[in-house]
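**Q** predicted structure and sequence below. I'll ask about it afterward.
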Amino acid sequence: MKNDIFSKNGRTELARKQSSVEQHDKFVSNLRHAICNEELRLHYQPRFDAVSARANVLESLVRWRRPGIGLFYPEVFISSAEDHGLIFSLDLWVFERSCIDLKHMQGAINPNLKIAVNVSALSCESIYYTQKVIEISEKHGVLLSDFEFEITETTHMRDIRKVLVFCETLKNYGVEFSMDNVGSGQSPLTALSMLPISTVTIDQSFVHGIGNSKRCEIIICSLINMVRELGMQAIAKGIENSEQYWFMREAGCNQQQGFLLGRPVSVGKIKPQLLTEPTVDSW
Ligand code: C2E
Ligand code: MG
């Protein structure tokens, strides 16, 4: 009897695992379908310069609009895309859509606009991705020097020399590179020492500690000093309140991004007034 119950539980557990594997397989096949069938969308979030108080750079952020289900954010599907070899096609789709949108926004809003595209370190390791980026930019008649690549997920960086080839190749076209969310991953300092990075983004987890964690504040100031010494620029992410904003300004951070200053929006909603820093009275 005891054995029966035990084996029944075992079977239930096995069935549960099988069902979750099946669900996961279905999720991955839906994601593959989504990349090929225009279910992905881009939202753009402004990055404000501390000196000019204007945003000349917009970060593109991918979303997955699942018919009948709703909007999925990248944290739910990027790691699955990386684990199942879909990240190259996803990152290429994002780059191509960014080219189309940049051309439109430079014509309609500001010819000096640039886009910062998130790219998985896994895509950067692929020569195929690098070649396609050059081809796609030429196909759409946009300058690669109007793009910055934010290299994300340093934990997945398997061979930094391949990422270096990616950076060196595109640097010849005037592309700039940033290291995303420094302080959060698995030792991005190696990457910082080897790659031609011009900008470093400070992880929101530190920004959200401002005002309640002295340690976070010390880490932020030290990171900004290090970035300055390296001749790079620092961007603060996740600015949600005026205390965080003023702390970052006083610490000498070069650019700021966050819900306080502007939320990610679809390309149709980008207007010139969204690219000027909101006034303190409106906070
Ligand atoms: P990230 O590059 O650090 O992007 C910033 C994330 O912070 C975005 O989340 C944005 O919506 C969110 N955010 C912006 N301001 C605030 C704020 O004030 N408060 C809070 N709490 N959050 C804020 P999102 O869009 O969910 O993106 C998450 C991450 O997914 C990105 O982090 C990036 O690492 C990755 N990602 C996004 N788009 C792509 C893509 O096209 N390709 C790849 N490979 N990764 C992407
Ligand atoms: Mg980013």
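**A** Now that the structure is in, tell me what you want to look at. Ligands and ions are numbered 1, 2, ... in the order given.

**Q** what about Asp159, how many neighbours?
**A** The local packing of Asp159 (other Cβ atoms under 10 Å) involves 11 other residues. The C-beta positions use only the backbone N, C-alpha and C, and glycine is treated the same way.

**Q** if I look at it, how far off is Val175?
**A** Look at Asp159 and Val175: by Cβ to Cβ, to the nearest Å, they are 20 Å apart.

**Q** same check, this time on Glu168
**A** Counting by Cβ to Cβ, the separation of Glu168 from Val175 is 10 Å.

**Q** repeat for Asp25
**A** When distances are taken as Cβ to Cβ, Asp25 and Val175 turn out to be 36 Å apart.

**Q** what helix or strand is the most centrally placed residue in the chain on?
**A** For the chain, the residue sitting closest to the mean C-alpha position, by Cα atoms, centre = their mean, is Asn118 at 3.7 Å. Secondary structure assignment for Asn118, by DSSP states H and E: strand 114-120.

**Q** what's that strand in contact with?
**A** For strand 114-120, contacts defined as Cβ atoms under 8 Å, 6 or more residues apart in numbering pick out 44, 47, 56-62, 74, 78, 81-82, 87, 91, 94-95, 98, 101-102, 129, 146-153, 156, 178, 180.

**Q** tell me what the helix or strand following it is packed against?
**A** Stepping forward along the backbone from strand 114-120, the first helix or strand reached (DSSP H and E) is helix 121-124. Secondary-structure packing of helix 121-124 (3 or more Cβ pairs under 8 Å, 6 or more residues apart in numbering; DSSP states H and E): helix 87-108, strand 147-152, helix 160-171.

**Q** could you give the average pLDDT over helix 121-124?
**A** Model confidence over helix 121-124 averages 93 on the pLDDT scale.

**Q** for stretch 91-98, same thing?
**A** Per-region confidence: stretch 91-98 scores 98 on mean pLDDT.

**Q** contacts for that stretch?
**A** If you take Cβ under 8 Å, 6+ apart as the criterion, stretch 91-98 is touched by 35, 40, 42, 60, 62, 115, 117-120, 123, 129, 132-133, 136, 140, 147.

**Q** coming back round to it: strand partners (parallel or antiparallel) of the strand holding Asn118?
**A** Within its sheet, strand 114-120 is paired with strand 57-66 (parallel), strand 147-152 (parallel), according to DSSP bridges.
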